[in-house]
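> what follows is a predicted protein model with its sequence.
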Amino acid sequence: MEFGNHTSLRFLLSSVNVLLFVIVAMNLSPNASAARFLSNETDQIALLEFKNKISDPNGVLNSWNHSLHHCQWPGITCDARHQRVTILNLPGKSLFGTISPHVGNLSFLKFFNLEENQFHGDIPQEVGRLLRLRFLNLSSNILTGEIPVNLSHCSELRALSLIRNKLEGRISTELGSLKKLETLQLAVNNLTGEIPSTIGNLSSIKQLSFTFNNLEGNLPEEISLLTTLFFLAMGSNKLTGQIPSSMYNISTLTFFTAPDNFLYGSLPTNLGLKLPNLQIIGIAGNRFSGKIPVSITNCTKLEVIDLGDNKFEGHVPYNLGYLLNLRILSLQGNLLGSNSAGDLNFLVPLTNCSNLEILSLAKNNFGGELPNILHNLSYQLTHLYLSENKISGAFPSGIENLVHLYILSLANNLFTGVLPSDVGKLQKLEVMVLDRNMLSGQVPSTLCNITNLYVLNLSSNNFQGDVTHSLRNCQSLQMLFISQNNFSGSVSPQIFGSYISPTILDLSHNSLSGSLPLEVGKLENIQRLVVSSNKFSGEVPSTLGDCSSMQYLDMQSNLFNGTLPPALASLKGIQFLDLSHNNFSGQIPRDINRLVFLKFLDISYNDLEGEIPTDGVFTNASQIRLVGNSKLCGGIPELQLPSCLVKRKKKGKRLLVLVIPLVLIVILVISVTFFLYHVLHKKRDKSVKESLMMPSDPIEKILRISYHELYRATEGFSSTNLIGSGSFGVVYKGKLDQHQDKEVAVKVLDLQKNGASKSFEAECKALRSIRHRNLLSLLTYCSSIDTKGNEFKALVYEYMQNGSLDMWLHSELAEATRSTNLDLLQRINIAVNVASGLDYLHNHYEVTIVHCDLKPSNILLDNDLIAHVGDFGLAKLLPRTADIDSEQETTSSAVALKGSIGYAAPEHGMGRQVSTEGDVYSFGILLLEMFTGRRPTDDAFVDGLDLHNYVKMALPEQVLKIVDPLLLSSEAEENKVVLQAASEDEETNHGKRAVEMNDGDIESSSDETNNVQKCLILILKVGLGCSQKSPMDRIDMKEVTRELHFIRDAYLGVRNR
């Protein structure tokens, strides 16, 4: 609940009026004016100190300066008479930093709100000095440490909200002294210990929220003393014991939730009489038992009843239909019902609950047939869960009237009969789960009328017919399970990617026949394909290798024949592969041993022959199954197979082996020569046309420059102006005619290199309208012909005076002199710059841009050592919302990338779709390299050791042994200079204390070393979090940016103390 409610505001205004009346009535002394001036100045100084601890990316506090009276600053309100600050209100302003202790000097402050920012560190103890404070809201930050005990001094406090932080420790017993407190919100933190019994002293409390912490122990009896309490939330903790019976005497209680704890006991039979105002009760995921009290229907205001996943038993009260406001009824995961007729009769009066949205009765003992009333249930019903009971009878009739239904789950019951075609009228249905019943007949094609249906599970029934024909037009299906039925016939090609592109497809244990269509290769998103135990025959199509996302493939127990397709080796992410019990012959494709993620391979009971590889998955006998292939030989000794015999080849065969490839090579050379001749002439003609035309859409927003202007700017592309080279060309320094005072960098593309033209287009497309201080700006471009009539393309950027980050980290110059070393703060700033640039590309531009080639040589530093991310030649643009009609975007986002060795994410080598997680991985490696001084391709990384594990093994104790020695030497030199300057200053002004300073200097130096060590540990942990092998385990760039700001601010805070 927000603090700015009308009741609290009226209280604040009335209190201010009383205060003004008292002041007017007082006889002010002659010194009152001077005292007021000094107090005002105190407030201004406190606010400026508060600002000094903050990073303000949006410039919210820009006007907080001496040119404007502090009472007019944004977020500040003063009282009219004394001009003292009474309100500090800065919610959701993206502020970084710590809360300055100087806020404790704002002695008139009543309202303090910093909600939804990124403040970190401890809550300063000085907040306890704000004796007039009534509202304190620090929610949704990243504050750590314990809740200050002396907050109990803020005796006027009405509301305290600290939710969604990282606070730890116990809830202080002293908080019980806040007699005027009405709202206490401590949810979503890391608080431990028990709820203190002094909570019962909060005689004015109305709202208590402790959810998502690690609180334990019993609920204190003293909670029953809170006679004004109406909101109590304690879910997702480790609370034990029973709910105190006296707590049911709090008749004002309207909201009570305590799910996911270890509470037990039964609900009192007179629950509805004791708590008549109850609107929400949520105690799911505990160990409650007994019966649901019939008196619960006396709580006529009830909207939510969530008693799921407990041990309640018996019958559900029949008169729940009296609860006309009921929106959610969740009773799943209990022991309700008796597996007999009449168990579900309570559903009849539920038709009166016209607001019912969710009805969950799954995982109980309900038996009998469903009453014929489903069509009369609430028109608003969106979720219906009846699975895992013993409900029998035909598929519920009239269910098509529930037109707002999103999820229908009837699995694991005893339903019989056919699936009616009218089910296709459920236009909003997204999930239909009907497995493990006894339904029969054909699957109605009207299912494809449900345009939002993305999960369909019909497994373990008695369906028959040609299912793939019925479902071939279900374009939204993502997960299709039809295993263990009686389906027959061949598979429609449309089921394999022509119209639908599922991630999971399970056709197993049916009587499907024929061959797998070539269209199987269109399943570009498929992760799990199961076609086992059918009658499929013929050869496996080579297009199967195009399923680049495949992780699980089960084709066992069919009639497949021919050789194992070499295309299987293209399934780079495959983990499980079962081809057993078929008629495959020939040898095992040798490239299968390159499937680095393969954990299980079963090719048993086929007719395979030849030598078994001895690397990859074949190095572990427990991960492979080979029995039933009598012609296989070799392999590792654990397989106990006979050695392979080396046969002598005839001389004629040996001659053929030499002659045939030679003939093919000659033919190939002639063909390539002929092809290149035509292509080059075609390109030249195209270039001439292109020079006369306006640029196409990807670059139409960038002004174009001529070849001759670039020729003059670079002095004829003079070698003296050559400053570097890259994958697709060289870079010159130059000055354009219209900007002679400003140097530029000109990147000339070598169009003979494969991919250079695409690189040019990609970079123009990515940078055409981007403006960010940490991204390299594209000033102009050239697409023309040179003086020899050849095609010419170039890109013109801002010139970065300090070169690349790679040069600073690894060049001989950096190692030869300390003057070019980057110190710790400079490296942190560069890391923050790069993270900010990537965060903008991933989360804040009009489309998502994935850089795809992040590495030190692509990070450029300007004159102030501010980092700029450059070289967008491999960048990919991904739309923020999926556009299934945009073939171009879909293609571009699915291109497999190589990137740069050591920096490219592991999944890119498996042909996975491009995603922002790949950039996060590259950034993580970059971060580790910046602070260790080691490239990911360092010769030291052998035998499975890589940069990620090298750092991981050293943290935290050995961190100083792995960091860049040049960095440590820079820090040591800086500390030495600082200490020397401090010592000289002391000797000049207080010579007699020169000797006494030595011990302090040593202690100061030790503190600085500890600070550096802590900072390095935090940074390297961010690098490790970014460079996890699994994309799902990586931090996103928004969180990375926030963490790095936090580390930098913490480091600066300690250094500047």
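Structure's in. What do you need? Numbering: from 1, shown residues only.
> tell me the contacts of residue 152?
By Cβ atoms under 8 Å, 6 or more residues apart in numbering, the contact list for residue 152 reads 128, 172, 174, 175, 176, 177, 178. From N, CA and C alone the C-beta is placed, and that goes for glycine too.
> neighbour-wise, which one of these leads?
residue 178 (24 neighbours; other Cβ atoms under 10 Å).
> on that earlier part again, quick one: which two of the contacts of residue 152 are the most distant?
Using Cβ to Cβ, the contacts of residue 152 span at most 15.2 Å, a distance reached by 128 and 176.
> out of the contacts of residue 152, which is nearest to residue 789?
Using Cβ to Cβ, residue 128 is the member of the contacts of residue 152 that lies nearest residue 789, at 80.0 Å.
> quick check: the closest one vs residue 456, distance?
Here the criterion is Cβ to Cβ, to the nearest Å. By it, residue 128 lies 59 Å from residue 456.
> tell me the phi and psi of residue 403?
The phi/psi pair for residue 403 (degrees, to the nearest 10) reads phi -70, psi -10.
> what stretches of the stretch 601-750 of the chain score poorly on pLDDT?
Within the stretch 601-750 of the chain, the stretches with pLDDT under 70 are 646-661, 663, 666-667, 669-704, 727, 737-741.
> go again using 80 as the cut-off
645-708, 719, 724-728, 737-742 (pLDDT under 80).
> show me where the stretch 101-250 of the chain has strands.
Using DSSP state E, counting those that start in this stretch, the strands of the stretch 101-250 of the chain run over 111-113, 118-121, 135-137, 142-143, 159-161, 168-170, 183-185, 190-192, 207-209, 216-217, 231-233, 238-242.
> so can I have TSV of those strands showing mean pLDDT and distance to residue 97?
Shown next, in TSV, are the strands of the stretch 101-250 of the chain (pLDDT from 0 to 100; distance: least, Cβ to Cβ, whole Å):
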stretch	mean pLDDT	distance to residue 97
strand 111-113	97	16
strand 118-121	92	6
strand 135-137	97	17
strand 142-143	92	11
strand 159-161	97	20
strand 168-170	95	20
strand 183-185	96	23
strand 190-192	95	21
strand 207-209	96	27
strand 216-217	95	34
strand 231-233	96	30
strand 238-242	95	33
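> I'd like the ones you listed as CSV, with distance to residue 1017 and mean neighbour count appended.
Formatted as CSV, the strands of the stretch 101-250 of the chain follow (distance: least, Cβ to Cβ, whole Å; neighbours: other Cβ atoms under 10 Å):
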stretch, distance to residue 1017, mean neighbour count
strand 111-113, 33, 23
strand 118-121, 16, 22
strand 135-137, 32, 23
strand 142-143, 17, 20
strand 159-161, 32, 23
strand 168-170, 19, 14
strand 183-185, 32, 22
strand 190-192, 20, 17
strand 207-209, 34, 21
strand 216-217, 30, 14
strand 231-233, 36, 20
strand 238-242, 30, 15
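> now the ones you listed as JSON lines including distance to residue 282?
Converted to JSON lines, the strands of the stretch 101-250 of the chain look like this (distance: least, Cβ to Cβ, whole Å):
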{"stretch": "strand 111-113", "distance to residue 282": "29"}
{"stretch": "strand 118-121", "distance to residue 282": "31"}
{"stretch": "strand 135-137", "distance to residue 282": "25"}
{"stretch": "strand 142-143", "distance to residue 282": "28"}
{"stretch": "strand 159-161", "distance to residue 282": "21"}
{"stretch": "strand 168-170", "distance to residue 282": "25"}
{"stretch": "strand 183-185", "distance to residue 282": "17"}
{"stretch": "strand 190-192", "distance to residue 282": "20"}
{"stretch": "strand 207-209", "distance to residue 282": "13"}
{"stretch": "strand 216-217", "distance to residue 282": "20"}
{"stretch": "strand 231-233", "distance to residue 282": "9"}
{"stretch": "strand 238-242", "distance to residue 282": "14"}
